Each structure stands twice: as structure tokens, then as C-alpha cells.
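Asker: sequence and predicted structure are below.
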Amino acid sequence: MADFEYRAKDDMFFVSGKIDGRSDLAALASYTKTPVRINFRETTALTSLGMKMVRDLIHARPDGAVEFHECPPYLVDMLNIIPNLIDVDGHRVHVRSVYVPFRCQDCSLDVDALVRTDEVKKKGHELAVPAKRCQKCARAMGMEVDPHDYFIFLG
Ligand SMILES: [Zn+2]
């Protein structure tokens, strides 16, 4: 079951644990301000029933009124495979930031680095993702995933 923490400082809901059919999303549903910012950094899984509940929340709001922040790689995979998770009958979610798998070729360090979606630029057919530096050796790290595959959800 998911635990919620609302931090007024960031005006954001942090959801930790697994979002499933037993998750109590009442705190999110009764939030009246716009946008609703949901942070998935500490979310470990999203089941089918959890997904349905999140979609119901999105549908109850105007188009663009829900934002997803700090989506882990497994959630990004879901967004790419299930586009209607973030487009519920025309009520679209703004995905603001995602974790991207990077690897340092020199010291083999694997890191999921946070990337803001507004930093991802289209240059012709190429997608430019901001460079990340290795925390151990400070060299430039390479993305472990194909940017075209990973950012399908951007449309
Ligand atoms: Zn390194």
C-alpha cells in the first residue's frame, strides 16, 4: 500500500511504496489546487488497479492539471507502453522529470540520473539529452537506453 506525504514546500505529493487497489488516494483526490504534482521517486510499483485509480484522478481534473515528477525507469517504460496512462480521454499529464539510466564507461558506475523533460531537445531526428557527469571520476556518462525508445511518451 502506498504512503502519502504532502510537502507544502514543494507543493508536491510524494507517494512511497506500491500503488495498488488498496491505496488510499483520498488526500490526492481532495486536493483542490492546480496543478496536482505527484512525485514518484519513492514509488516502487504501480499495479493495474493502482493504474486505474491514478487514471480516475487524472480524468477528474482539467486537461494538463496533473504533473508527474521524478518517474523511475520502470514507470517510464509503462508510460511508453501504455500511452493512455498519461492521456485519459484527452486529459493529459505533464511529465516534468524522469530518471534515466546512465553508465560511466571508465569506472562502470551505473546511475539513474534525473532529467527534466524540458531539457530534452529535438534536433531534426535526433533527441539531445543533457550530459551527466560521473560522480566518481567526473567523466561524461552515456545513456544506457536509446533516447528514441525511452522518450516515446513525449510524443
Ligand atoms: Zn566514472
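Answerer: Structure's in. What do you need?

Asker: for D89, which non-adjacent residue is closest in space?
Answerer: Closest residue in space to D89, ignoring its immediate chain neighbours: H59 at 6.3 Å, by C-beta to C-beta, 6 or more residues apart in numbering. For glycine as for every other residue, the C-beta is placed from the backbone atoms N, C-alpha and C.

Asker: quick check: the gap between that neighbour and A140.
Answerer: To A140, H59 is 42 Å away according to C-beta to C-beta, to the nearest Å.

Asker: try N80
Answerer: Taking C-beta to C-beta as the measure, N80 falls 25 Å from A140.

Asker: between these two, which one's more packed in?
Answerer: Between N80 and A140, counted using other C-beta atoms under 10 Å, N80 has the larger neighbour count: 16 against 12.

Asker: over to that one: give its phi and psi.
Answerer: Backbone torsions of N80, given as degrees, to the nearest 10, read phi -70, psi -40.

Asker: same deal with the one 10 residues further on?
Answerer: Taking degrees, to the nearest 10, you get phi 90, psi 0 for the backbone angles of G90.

Asker: cool, the one 10 residues further on as well?
Answerer: Torsion angles at V100 (phi, psi; degrees, to the nearest 10) stand at phi -120, psi 130.
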